[in-house]
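> just a sequence and a predicted model for now, questions to come.
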Amino acid sequence: MSVEFPSLSRFRQAKYTGKNRCLPCTIVNIIISIFLTSIVVIFGYIVIKPVISFVCGGCVLILSLLSIYLRGYLVPGTPELTKRYFPPWLLTIFNKEQKITETETKTNPEPILVAAGALDECNNGTDLCITADFSDDWQTEIDKMKKSGGESQLLDFFNVEDGNVEYSERDEMFVARVDGTIIGLWDSKVAFFADLGAVQVLSDRISNWSGFETNEQRQLLSGLRLFAETCPSCSGTLDFRTKSIESCCSTYQIAVVLCNECGAQLFKSNINKI
Ligand SMILES: [Zn+2]
């Protein structure tokens, strides 16, 4: 829960506060505030009177915290410093959504998808391509999901008996909630429908489908999306490219599969994970 002070809100720097607040920057700056306050109190205690040292220390702490609340940081340029010097593993700790969507498993999707008849050697014989048969079945299921909304399939996929399903989109993510709790995140709405559609086809073709952990199933599903040849939303052509993402306290490169017609983002991954 965030506390709002209406009279101070006009001084707020929206770029670094509210939903744009950089948590690592805030923590670093609070630590700096406590450090500065300690120096003032210790120095005042030794040189002046103890009472005055505590008053001065209290003022420094209040002003520092006020600056962090209104501007997002105390030391100017902290977000840039965080981007440059914080190691990726430390930033990942604060990026909960990235942790949920990028759960790693030891499953290699390609042999499993080949055995399921979803992938086969391309005509040029040098790579793997999606089979026409699987592609048709997949698109049929995607169209069904788009019509129905996919609520019951979502509950089945996560082994939830019943619940109120809600969808939302934020920060380039498609979010599925059951009874108000986030149950799954996808790269986009089209990725969500593509995965739920693929579940229906793969579960028929892979005899031990239910024996895979949910994380392994999700890896198979996102791996399959990489092989899609047309956009599940508008049948447009797909393009594989890289782009830079600027967040509050980091800049990183991602690889994406985008539709050239409607702009739908079918696949997304940190570039160092490809
Ligand atoms: Zn499209």
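Thanks, I have it.

> what about the helices in the stretch 1-150 of the chain?
Under the criterion DSSP state H, counting those that start in this stretch, the stretch 1-150 of the chain carries helices at the ranges 23-47, 50-71, 78-85, 88-94, 96-101, 109-115, 132-148.

> show me the one of those that comes nearest the ion.
The ion lies closest to helix 132-148 among those, at 11.9 Å (Cβ to the ion). Where C-beta positions appear, they are placed from N, C-alpha and C, glycine not excepted.

> between the helices of the stretch 1-150 of the chain, which one is nearest to L266?
In terms of Cβ to Cβ, the element of the helices of the stretch 1-150 of the chain nearest to L266 is helix 132-148, at 11.1 Å.

> over that closest one, what's the mean pLDDT, rounded is fine.
Averaging pLDDT along helix 132-148 gives 94.

> just stretch 72-84 next, same as before
Stretch 72-84 comes out at a mean pLDDT of 70.

> could you do stretch 40-52 as well?
83.

> which parts of the stretch 101-250 of the chain sit against the ion?
Proximity of the stretch 101-250 of the chain to the ion (Cβ under 5 Å from the ion) is limited to residues 231, 233-234, 236.

> turn the helices of the stretch 1-150 of the chain into a markdown table, columns for mean neighbour count.
Formatted as a markdown table, those follow (neighbours: other Cβ atoms under 10 Å):
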| stretch | mean neighbour count |
| --- | --- |
| helix 23-47 | 16 |
| helix 50-71 | 16 |
| helix 78-85 | 16 |
| helix 88-94 | 13 |
| helix 96-101 | 14 |
| helix 109-115 | 17 |
| helix 132-148 | 16 |
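
> what domains does the record give for the chain?
Taking automatic domain parsing as the reference, the chain has its domains at 6-86, 96-233.

> lowest-confidence stretch among the ones you listed?
Among the domains of the chain, domain 6-86 scores lowest, at a mean of 80.

> doesn't V257 belong to a strand?
Yes - with DSSP: H, G, I helix; E, B strand; the rest coil as the criterion, V257 is part of a strand.

> and the pLDDT for V257?
V257 is assigned 92 on the pLDDT scale.

> which residues does it contact?
Contact partners of V257, counting by Cβ atoms under 8 Å, 6 or more residues apart in numbering, are 225-226, 228, 238-240, 265-268.

> who wins for most neighbours among the residues of the stretch 101-250 of the chain next to the ion?
Neighbour counts for those peak at C231, which has 21 neighbours (criterion: other Cβ atoms under 10 Å).

> tally of neighbours for the residue lying closest to that residue once chain neighbours are set aside?
Take C231 and drop its neighbours on the chain: the residue closest to it by Cβ to Cβ, 6 or more residues apart in numbering is C259, 3.7 Å away. Neighbour count of C259, defined by other Cβ under 10 Å: 22.

> what's the separation between C259 and the ion?
3 Å (Cβ to the ion, to the nearest Å).
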